[in-house]
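*Asks:* Okay, here's the prediction I keep looking at, along with the sequence it came from:
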Amino acid sequence: MTDEKNLEQRLKSALPPQKAPEELRMKLRQELMRQPQTRRKHSGLPLGIASIAAVLVLGLVLWPTLFPNLPTLPSIASTGPVTRGASGGPGFELKLVYTKAGQLAELPVKVDAVFYPPVPFSPQAVTEAAARLGVSGEVVTEPWQDGQTHRIDGPSGETVIIFPSGFYNYHRPTPAEFEADAFPSKAELVDAAKGFLSRLGIDPVSAQLGEIKVPETVDFDTAEIYFTPTYITNQVSISPYARVLVGPDKEIYGAGWVWPAGDQEVNTYSTRSIAAAWQDVQAGKGKLVVDYHAITGPVAGTVINGTAQVTEASIAYILTYGPDAGVVLQPVAAFTGEATLEDGSKVPFTVYTEAVQERYYQPK
């Protein structure tokens, strides 16, 4: 006979002096309690205890691999704007009913998330950024939403401002009239924009070219050159990005950017099933990404309905902020396709939701 009070003590003495994770230890103890209390005599440990001891040893070896101690991810709602509309949104609500065009491929079993330190936000940070652009002056701190901004106004009307999220904005007055009659080539505009990135401390090699908007006239207009980091594939959120305004004279007259920097840490997470992600989308929990500028005519405050057919599912990336203001580029399950609105017009869309298993997210 073996007294059940001695089971755990005998198990401890039979194993190497390692501390098992509490969850695993308790499960094994419960399993021990279910073992029959009558044992035959053996020269060593009873067979049941020896078997469980072997399982525990194996668990101690495999635990770091099966259940790595990974940092938690911020909620996917902890991100900046996902469209280039006004900060308050487009003024109307778009409601879509989602359907699948066919069977969607499963998500990869493992995905990476990239962690960066917080983007510097302080009077010193804006002073250093302004100095790189040749702007100097006193720092002005003003209230903004539930926080504040730091701004420097240069003697010639230049302004550099930083927001709590790490978003920077640079403005320089345009001349009353440009001497050039037309914009230079797109290649020249991009070269000018890349030169500006270098002044910001952003390596142009790490910036992939996005959209280029060149006005038809030169009257008070500037070309817009967009960049996103090359190390992010299939980026969904607007940030991280850099938008540079280049004049017909190839001078820079404005810019806005959020660009994580510093030592990065990459962690690999297990994903959820595509079925679970799709269920969230159909339940209205997905985050919609659409070019609201392509939707013309809605009156502010109205609801625009439509149907959305998903043709592809993949892993995409968004920028989020942790509780310590650290920046995380995290994977999401992104569903893409084309939406048909109630007026018959069509617009491409992406809707995304969590890709990583729920246990890895910070509590909501």
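*Replies:* Arrived safely. Numbers count the residues shown, from 1 in each chain.

*Asks:* Could I get the full set of helices for the protein?
*Replies:* For the chain, helices defined by DSSP state H occupy the ranges 7-14, 22-33, 47-66, 123-132, 186-200, 274-282.

*Asks:* can you list contacts of the fourth one?
*Replies:* Contacting residues not belonging to helix 123-132 are listed as 136-137, 139, 141, 150-152, 154, 160-162, 168, 199-201 [CB atoms under 8 Å, 6 or more residues apart in numbering]. (Each C-beta comes from the backbone N, C-alpha and C, glycine too.)

*Asks:* what about that helix, average pLDDT?
*Replies:* In this model, helix 123-132 has an average pLDDT of 95.

*Asks:* Ok, the last one next?
*Replies:* Averaging the model's pLDDT scores along helix 274-282 yields 95.

*Asks:* what does the shortest one give?
*Replies:* Confidence over helix 7-14 (mean pLDDT, whole number) is 39.

*Asks:* One more: the longest one?
*Replies:* When the per-residue pLDDT values of helix 47-66 are averaged, the result is 46.

*Asks:* swap in stretch 219-232?
*Replies:* Throughout stretch 219-232, pLDDT has a mean value of 88.

*Asks:* Buried residues, it. List them.
*Replies:* 221-229, 232 (16 or more other CB atoms under 10 Å).

*Asks:* Next, format the residues you listed as CSV and append distance to residue 310.
*Replies:* Shown next, in CSV, are the buried residues of stretch 219-232 (distance: CB to CB, whole Å):
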residue, distance to residue 310
221, 38
222, 37
223, 35
224, 30
225, 32
226, 26
227, 29
228, 24
229, 27
232, 22
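
*Asks:* So which of those residues are in strands?
*Replies:* If you go by DSSP state E, those have 223-229 in strands.

*Asks:* Hmm, residue 309 and residue 335 touching each other?
*Replies:* No: under the criterion of CB atoms under 8 Å, residue 335 makes no contact with residue 309, lying 10.0 Å away.

*Asks:* isn't residue 233 right up against residue 329?
*Replies:* No: applying CB under 8 Å, one finds residue 233 not in contact with residue 329, separated by 10.6 Å.

*Asks:* From residue 212, how far off is the residue nearest to residue 184 when sequence neighbours are not counted?
*Replies:* Nearest residue to residue 184, sequence neighbours excluded (CB to CB, 6 or more residues apart in numbering): residue 250, at 6.1 Å. Separation of residue 250 from residue 212 (CB to CB, to the nearest Å) stands at 14 Å.

*Asks:* Next: residue 338.
*Replies:* 24 Å.

*Asks:* same deal with residue 339?
*Replies:* In terms of CB to CB, residue 339 sits 26 Å off from residue 212.

*Asks:* who's more crowded, the two?
*Replies:* Neighbour tally, residue 339 and residue 212, criterion other CB atoms under 10 Å: the higher count belongs to residue 339, 23 against 14.

*Asks:* which residues does that one bridge with?
*Replies:* Applying DSSP bridges to residue 339 gives these bridge partners: residue 308, residue 347.

*Asks:* How about residue 312?
*Replies:* Going by DSSP bridges, residue 312 forms beta bridges with residue 336.

*Asks:* how many other residues sit next to it?
*Replies:* 13.

*Asks:* quick one: pLDDT of it?
*Replies:* Residue 312 is given a pLDDT of 94.

*Asks:* was I right about it contacting residue 336?
*Replies:* Yes: the criterion here is CB under 8 Å, and residue 312 meets it with residue 336 at 5.1 Å.

*Asks:* ok, and the closest non-adjacent residue to residue 113?
*Replies:* Nearest one to residue 113, counting by CB to CB, 6+ apart, is residue 330 at 4.5 Å.

*Asks:* quick one: that neighbour from residue 77, how far?
*Replies:* Applying CB to CB, the value for residue 330 to residue 77 is 12 Å.

*Asks:* ok, now which ones touch residue 202?
*Replies:* By CB under 8 Å, 6+ apart, the contact set of residue 202 is 242, 257, 259.

*Asks:* before we move on, back to that, quick one: the residue nearest to residue 184 and residue 192 touch, right?
*Replies:* Yes: the pair residue 250 / residue 192 is scored as a contact, 4.4 Å apart, by CB under 8 Å.

*Asks:* Which one's more surrounded, those two?
*Replies:* More crowded of residue 250 and residue 192, by other CB under 10 Å: residue 192, with 19 against 16.

*Asks:* What confidence value was assigned to that one?
*Replies:* On pLDDT, residue 192 comes in at 97.

*Asks:* Give me the more crowded residue out of residue 335 and residue 309.
*Replies:* Between residue 335 and residue 309, counted using other CB under 10 Å, residue 335 has the larger neighbour count: 25 against 16.
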